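# sequence first, then the predicted structure:
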Amino acid sequence: MTGKDRDSPGTSRDPYFDNAKFLAVVLVACGHAWEPLVDGSRAVAAAYETVYAFHMPAFVLISGYFSRGQDGSPRRARGLITGLLVPYLVFETAYTLFGRAAGGNQSPLSPLDPWGVTWFLLALFVWRLTVPMWTALRRPLPVALAVAALATATPDIGNDLELQRVLQLLPFFVLGLTCDPARLRLLRRREARLLAAPVLLAAPVAAYLLGPHTDRRWLYRSTAAQEIGHSGGFGLLAAPVLFCCSLLLVAAFLAWVPERRLWWTVLGAGTLYGYLLHAFVTQGARYGGWYEPAWLATPAGPPAVTLAAAAGMALLCTPPVRRALRWAVEPRLAPLFRPAGMVPSRAPRSVESRDPAPASAPAPLTVVGCTTAGRTPPAGHRPPGDHDEEPQRR
């Protein structure tokens, strides 16, 4: 992730969110590293399905939380282009060429068909474009849930721009966008940790018992119910149920994120780099036959793969990697944009529409400590250009 994630303007980075982002992106790497081992171990499959039930929703929720400043201004528009759209095009091209050179994959380069991990950049670009609409609604979360449910029951949406996944994960972004920071801080209390512990312990057990009887494609949120063998009506009901289950796991995960600054907290500022780069390693391992040794199928194999994935992700999030690849992940493209002073703040009104200046409004009526004036909006957050997947395609 990039940018300066802040709880409110003028404050320093909150280590809690950097810790959360780093732990989540490590889970992303572990999930991708476990994929070749899933079919050979029911325990690995349970761990894999548990992680996929919440790690992507957690990233989307955090990204929504730090998208409150997306007001459609020219400055924010430039940030969307340089922080999301340009890196998407760069890594979409890089991964397509990498697949051809290392894996013999002849898939055509298509910006409409995101490759593996790049879909999240495109999704976040779309979600942040819609922020003004969601902040204008009185009840945005029910509307977002309705959109996700309809998408789950609509196979005709297709795979272009990963719209199916964009729409099915939309409620988590909207929830993060509209979440009261005070309520989110409740998850840091000791009582929340005590309640979260049994949830985190029960989740892999449930995945182990139910895994053989369920289809994990529900967790990827990239297909409609009909494509999984169910009716559209079933999809309409499954979407809110899956949302609630994932949200419960997200809350339990966030409850156990450390609040204090640790040795790996600094790595939370580089999770976008780790996210975009780690797929070169995981895909390269597949192309190179690294999963072929028989010992990986023994009990020692999955822990070794897990440690390697976590260590590799930590390395990719370090400041030296960020400095070396900032040109690709956070490019500086000032020559493409107008100078700030040349961008009109609003469209000029016509001469006919110019009315005399209204008289100053009377002071708002105060009744028992309340005022008829609008409430002060919550402190904004400078959005990160952050990020993170499901089984990598192509």
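Arrived safely. These numbers come from a predicted model, not from an experiment. Numbers count the residues shown, from 1 in each chain.
# ok, now which ones touch residue 157?
Going by Cβ atoms under 8 Å, 6 or more residues apart in numbering, residue 157 touches 151, 163, 164, 167, 224. For glycine as for every other residue, the C-beta is placed from the backbone atoms N, C-alpha and C.
# if I look at residue 208, what pLDDT would I see?
If you check residue 208, the pLDDT there is 95.
# same deal with residue 365?
Taking residue 365 on its own, its pLDDT is 34.
# ignoring the adjacent residues along the chain, who's closest to residue 278?
Nearest non-adjacent residue to residue 278, counting by Cβ to Cβ, 6 or more residues apart in numbering: residue 29, 5.0 Å away.
# are any of the contacts of residue 157 buried, and which?
Neighbour counting with 16 or more other Cβ atoms under 10 Å marks 151, 163, 164, 167, 224 as buried within the contacts of residue 157.
# a markdown table please, covering these and showing pLDDT and secondary structure.
Below are these laid out as a markdown table (pLDDT from 0 to 100; DSSP: H, G, I helix; E, B strand; the rest coil):
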| residue | pLDDT | secondary structure |
| --- | --- | --- |
| 151 | 95 | helix |
| 163 | 93 | helix |
| 164 | 93 | helix |
| 167 | 96 | helix |
| 224 | 93 | coil |
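# now, which of those sits nearest residue 51?
The closest of the buried ones among the contacts of residue 157 to residue 51 turns out to be residue 164 (Cβ to Cβ; 20.7 Å).
# is it true that the closest one touches residue 151?
Yes - look at residue 164 against residue 151 with Cβ atoms under 8 Å: they come within range, at 6.0 Å.
# anything in contact with each of these two?
157, 224.
# sorry, back to before: which ones are touching the residue nearest to residue 278?
274, 278, 282, 309, 310, 312, 313.
# and the two most separated of those?
Once Cβ to Cβ is applied, those give 282 and 310 as the farthest pair, at 12.7 Å.
# neighbour count: the two, which is higher?
residue 282 (24 against 16; other Cβ atoms under 10 Å).
# quick one: which helix or strand includes the more buried one?
Per DSSP states H and E: residue 282 is located in helix 271-287.
# in that helix, what counts as buried?
271-283, 285-286.
# nearest to residue 242, of those residues?
Distance to residue 242 across the buried residues of helix 271-287 (Cβ to Cβ) is lowest for residue 275, with 23.2 Å.
# show me the shaky parts of the stretch 251-394 of the chain.
Within the stretch 251-394 of the chain, the stretches with pLDDT under 70 are 340-394.
# show me the helices in it, by range?
271-287, 301-316, 319-329 (DSSP state H, counting those that start in this stretch).
# contacts for the shortest one, please.
The list of residues contacting helix 319-329 from outside it, by Cβ under 8 Å, 6+ apart, reads 2, 87, 90, 91, 266, 269, 270, 272, 273, 276, 277, 315.
# ok and that helix relative to helix 271-287, angle-wise?
90 degrees (axes from the mean of the first three to the mean of the last three Cα atoms, to 10 degrees).
# angle of helix 319-329 against helix 301-316?
For helix 319-329 against helix 301-316, the angle by the same axes, to 10 degrees is 70 degrees.
# can you check the longest one too?
Direction vectors for helix 271-287 and helix 301-316, defined by the same axes, to 10 degrees, enclose an angle of 140 degrees.
# and for residue 99, nearest residue in space, chain neighbours not counted?
Closest to residue 99 by Cβ to Cβ, 6+ apart is residue 105, at 3.7 Å.
# the one you found belongs to a helix, doesn't it?
No - using DSSP: H, G, I helix; E, B strand; the rest coil, the assignment for residue 105 is coil, not a helix.
# isn't it up against residue 97?
No - under the criterion of Cβ under 8 Å, residue 105 makes no contact with residue 97, lying 9.9 Å away.
# which one of the two is surrounded by more residues?
When neighbours are counted by other Cβ under 10 Å, residue 105 and residue 97 differ, and residue 105 comes out ahead with 17 against 12.
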